[in-house]
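*Asks:* no sequence on this one, just coordinates:
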């Protein structure tokens, strides 16, 4: 093994992450190369020095802050929920649909039959003289006098 | 993580408890500021929560977690660098609140001898500054390798480079540390 090839393996050798065959190869090289031996020892020392740095502890409020931020996240909704953002809107839409269905059911399904058209044609002259009928005073008098002409009333008065 | 994906809120709390400390320490070493490290760690957990439904266990969870953390940290370091340049080009780059934070971790009773305590503090400061002086990608590689004990495959995925490129990156980083810490290395060798 050359010194330059050792560079890619020295750290793995120092922290014990090399395969057995690579480790043996490294040991063989280090035993014959003084410069690499010094470097390995110095890397080991650096590795030990890095252990001296203390760890810090999370602040007491850290968990609370994370949970608060998570709780503030909007809940994920389905496409249906997204299209219906409020219950009132959904209710209004449902009522509109019911109303449209009801109006639709009230519409006549069949056109007028030939017999109906004949009846209308027969009554057409009467309808055309509607002005005469509406001003026909005997008819209006008839409607006012009708209670007096009630046969049941006359019978009752005769019994009395 | 699969339980979190299935909507189990307690599993998210377990993830939080398990990974908050290594994550905050990693981010702290990257951005050199405790408050900012905690803010970034919160952001990492929030992104994990948001992405829970899309999570596919194609890689280790730690790889995914530290990839998010590393990207956030690298962006933050770059933003801070520009911010500092805007504030003052002459201001000394010191470890702002960091010194105070780490001092609080020391137990004074362990160091009845003040002189020894000061020597140890100086050593720690040297080590910390040596890591801080590393270029950010080298720093991330060292932190993931040394403190998170991730393997080369995981770290190379996190840093989006090949394993051979990672080994070269780590070698250069350790070479720099060896030079920066030469006085401590020499003292250690004599002992």
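*Replies:* Structure's in. What do you need? All figures in this text were calculated on a predicted structure; none of them were measured in a lab. Numbers count the residues shown, from 1 in each chain, chains lettered A, B, ... in the order given.
*Asks:* which stretches of chain A have low pLDDT?
*Replies:* Counting by pLDDT under 70, the ranges of chain A that qualify are A:1, A:75-89, A:107-112, A:126-160.
*Asks:* Write out the residues of it neighbouring chain B.
*Replies:* Applying CB under 8 Å from any CB of the partner chain, we find that chain A lies next to chain B at A:7-12, A:15, A:17, A:39, A:41-43, A:45-50, A:52-59, A:62-63, A:65-67, A:69-70, A:73, A:76. (C-beta placed from N, C-alpha, C; glycine too.)
*Asks:* Out of those residues, name the ones that lie in helices.
*Replies:* With DSSP state H as the criterion, helices contain A:10-12, A:39, A:41-43, A:45-50, A:62-63, A:65-67, A:69-70 from among the residues of chain A next to chain B.
*Asks:* Helix or strand: which one has the spatially most central residue of chain B?
*Replies:* Central residue of chain B (CA atoms, centre = their mean): residue B:26, 2.5 Å from the mean position. Assigned by DSSP states H and E, residue B:26 belongs to helix B:9-31.
*Asks:* and that helix, which residues are buried?
*Replies:* Neighbour counts over helix B:9-31 (16 or more other CB atoms under 10 Å in any protein chain shown) mark B:11-12, B:15-16, B:19-20, B:22-31 as buried.
*Asks:* and of the residues you listed, the nearest to residue A:122?
*Replies:* Taking CB to CB as the measure, residue A:122 lies nearest residue B:12 of the buried residues of helix B:9-31, at 83.9 Å.
*Asks:* Would you check that that closest one makes contact with residue B:49?
*Replies:* Yes: the criterion here is CB atoms under 8 Å, and residue B:12 meets it with residue B:49 at 6.4 Å.
*Asks:* From the residues of chain A next to chain B, list the buried ones, please.
*Replies:* For the residues of chain A next to chain B, buried by 16+ other CB under 10 Å: A:7, A:9-12, A:39, A:42-43, A:45-47, A:49-50, A:53, A:56, A:58, A:62-63, A:65-66, A:70.
*Asks:* which SS state does residue B:179 fall under?
*Replies:* State at residue B:179, reduced to three classes by DSSP: H, G, I helix; E, B strand; the rest coil: helix.
*Asks:* Quick one: residues in contact with stretch A:58-66.
*Replies:* For stretch A:58-66, contacts defined as CB atoms under 8 Å, 6 or more residues apart in numbering or on different chains pick out B:13, B:16, B:17, B:20, B:21, B:24, B:38, B:41, B:42, B:45, B:46.
*Asks:* wait, what's in contact with the first one?
*Replies:* Translated: residue B:13. Here residue B:13 is in contact with A:63, A:67 (CB under 8 Å, 6+ apart).
*Asks:* Looking at the chain, which helix is longest?
*Replies:* Unless you meant another one, I'm taking chain A. Longest helix in chain A, counting by DSSP H: helix A:87-106.
*Asks:* um, chain B though
*Replies:* From DSSP H, the single longest helix across chain B is helix B:61-87.
*Asks:* That helix: which residues count as buried?
*Replies:* Buried, per 16+ other CB under 10 Å, within helix B:61-87: B:61-74, B:76-77.
*Asks:* Please name every helix or strand in contact with that helix.
*Replies:* helix B:9-31, helix B:34-50, helix B:136-146, helix B:152-158 (3 or more CB pairs under 8 Å, 6 or more residues apart in numbering or on different chains; DSSP states H and E).
*Asks:* can I get these in CSV with distance to residue B:184 and mean pLDDT?
*Replies:* Shown next, in CSV, are the helices and strands packed on helix B:61-87 (distance: least, CB to CB, whole Å; pLDDT from 0 to 100):
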stretch, distance to residue B:184, mean pLDDT
helix B:9-31, 18, 91
helix B:34-50, 25, 93
helix B:136-146, 16, 95
helix B:152-158, 25, 95
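*Asks:* closest one to residue A:27 among these?
*Replies:* helix B:152-158 (20.5 Å).
*Asks:* List the contacts of the closest one.
*Replies:* Contacts of helix B:152-158 (CB under 8 Å, 6+ apart): A:12, A:17, B:59-60, B:62-63, B:66-67, B:70, B:140-141, B:144-145, B:150, B:162-163, B:165-167.
*Asks:* chain center to that helix: distance?
*Replies:* 15 Å (CA atoms, centre = their mean, to the nearest Å).
*Asks:* Tell me the secondary structure at residue B:149.
*Replies:* Residue B:149 is classified as coil under three-state DSSP.
*Asks:* That one: what's it in contact with?
*Replies:* Residue B:149 touches nothing, counting by CB under 8 Å, 6+ apart.
*Asks:* likewise residue B:162?
*Replies:* Counting by CB under 8 Å, 6+ apart, residue B:162 has contacts residue B:156.
*Asks:* Please report the distance of it from residue B:61.
*Replies:* Noted for residue B:162: a distance of 23 Å to residue B:61, by CB to CB, to the nearest Å.
*Asks:* Dihedrals phi and psi, residue 51?
*Replies:* Since no chain was named, I'll use chain A. With angles defined as degrees, to the nearest 10, residue A:51 sits at phi -70, psi -20.
*Asks:* Chain B is the one I meant
*Replies:* According to degrees, to the nearest 10, residue B:51 has phi -90, psi 10.
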